[in-house]
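Student: show me the folded form of this:
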Amino acid sequence: MSRISPPAQRPAPTASAATSVADTLGARIVQDLRPGAQLPSEAEMATDFGISRITIREALKILSGRGLVSLARGKRAVVTQPDGAMFGAFLTSLMKSDPKSLFDLMQVRRALEVQSVILAVRHASRAGLAAVEAALTAMQAVAAEIDQGGAHRAEAERAFHLADVRFHEALALSGGNRVLTYLFEAMEAALYEAFSTSHRGQLLAGMTMENLCHAHRLVFVHVSAREEKAAVEAMSAILENAEVNLRAALGAV
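Tutor: Residues are numbered from 1 along each chain as shown. So this is what the prediction gives:
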């Protein structure tokens, strides 16, 4: 069981007390506790904060909503493993309400994708490269079916975009940076939406799925050969082309 130091000033017992306690507890959790650690009992925390157990209970519900703790009846709150669900939901909601936010995501991707490639060139293991290649192989298999007209197009395009997302996630994972991997996992739904929208512009330009596979294959080849500059240039070309296609797709709406 983990102890949480009481705040220097106890929150006043007002309507906002639960939020104040949640903010304080959240800071302590992030700074001092690891995933799986138990928080003190509601009674202990109520004593530490000088407030009622009801307020503590409400604060824990707030923290649960933030994804910091998990709650179970009759058990102490447990610190959860961080995930990007809330961040991902925010991005998805933003894009649905304002499609032009896809360009905000593109600006962020330019920094993250380039760093992802650099780290992959420097640190990717054989297993990491195999995961990237597996995603690429899945993209190519679906692309061949679509371009030959041998698949239900809507379902096949969905499978292609999902494999594309896996390619970028695997590339980030292979670099060994946990924060970067977390960000790509959190952006999964947003990346899918971006790829799907960009594809509409790609079709307008007369490009095929195989064109996109070739561009991704170049990234993989250069990463595998530890050719950092060439790998960055290949990824930058993908991003530049994606932005052009996004503009075409959204301009056609």
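Student: what are the boundaries of the strands in the protein?
Tutor: 69-70, 78-79 (DSSP state E).
Student: packing partners of the first one?
Tutor: Judged by 3 or more C-beta pairs under 8 Å, 6 or more residues apart in numbering; DSSP states H and E, strand 69-70 is in contact with helix 53-65, strand 78-79. (C-beta placed from N, C-alpha, C; glycine too.)
Student: let me have these in a markdown table, extended by distance to residue 102 and mean pLDDT.
Tutor: Putting those into a markdown table (distance: least, C-beta to C-beta, whole Å; pLDDT from 0 to 100) gives the following:
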| stretch | distance to residue 102 | mean pLDDT |
| --- | --- | --- |
| helix 53-65 | 28 | 91 |
| strand 78-79 | 34 | 92 |
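Student: who touches the closest residue to residue 89 other than its chain neighbours in this structure?
Tutor: Setting aside the residues directly before and after it, residue 89 is nearest to residue 189 in space (C-beta to C-beta, 6 or more residues apart in numbering), at 7.9 Å. Taking C-beta atoms under 8 Å, 6 or more residues apart in numbering, we find residue 189 in contact with 88-89, 91-92.
Student: how near is the residue nearest the centre of the chain to residue 55?
Tutor: For the chain, the residue nearest the mean C-alpha position is residue 186 (1.6 Å; C-alpha atoms, centre = their mean). Residue 186 sits 31 Å away from residue 55, going by C-beta to C-beta, to the nearest Å.
Student: walk me through the domains of this protein.
Tutor: Using automatic domain parsing, the domain parsing of the chain gives 17-79, 85-251.
Student: got any ranges where the stretch 51-200 of the chain has weak pLDDT?
Tutor: Low-confidence regions of the stretch 51-200 of the chain, defined by pLDDT under 70, span residues 82-83, 147-151.
Student: try 80 this time
Tutor: 66, 81-89, 145-153 (pLDDT under 80).
Student: where do the helices of it begin and end?
Tutor: Counting by DSSP state H, counting those that start in this stretch, the stretch 51-200 of the chain has helices at residues 53-65, 85-97, 101-123, 126-147, 153-174, 178-186, 188-204.
Student: including distance to residue 79, could those go into a markdown table?
Tutor: A markdown table is the format used below for the helices of the stretch 51-200 of the chain (distance: least, C-beta to C-beta, whole Å):
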| stretch | distance to residue 79 |
| --- | --- |
| helix 53-65 | 9 |
| helix 85-97 | 16 |
| helix 101-123 | 27 |
| helix 126-147 | 29 |
| helix 153-174 | 24 |
| helix 178-186 | 16 |
| helix 188-204 | 24 |
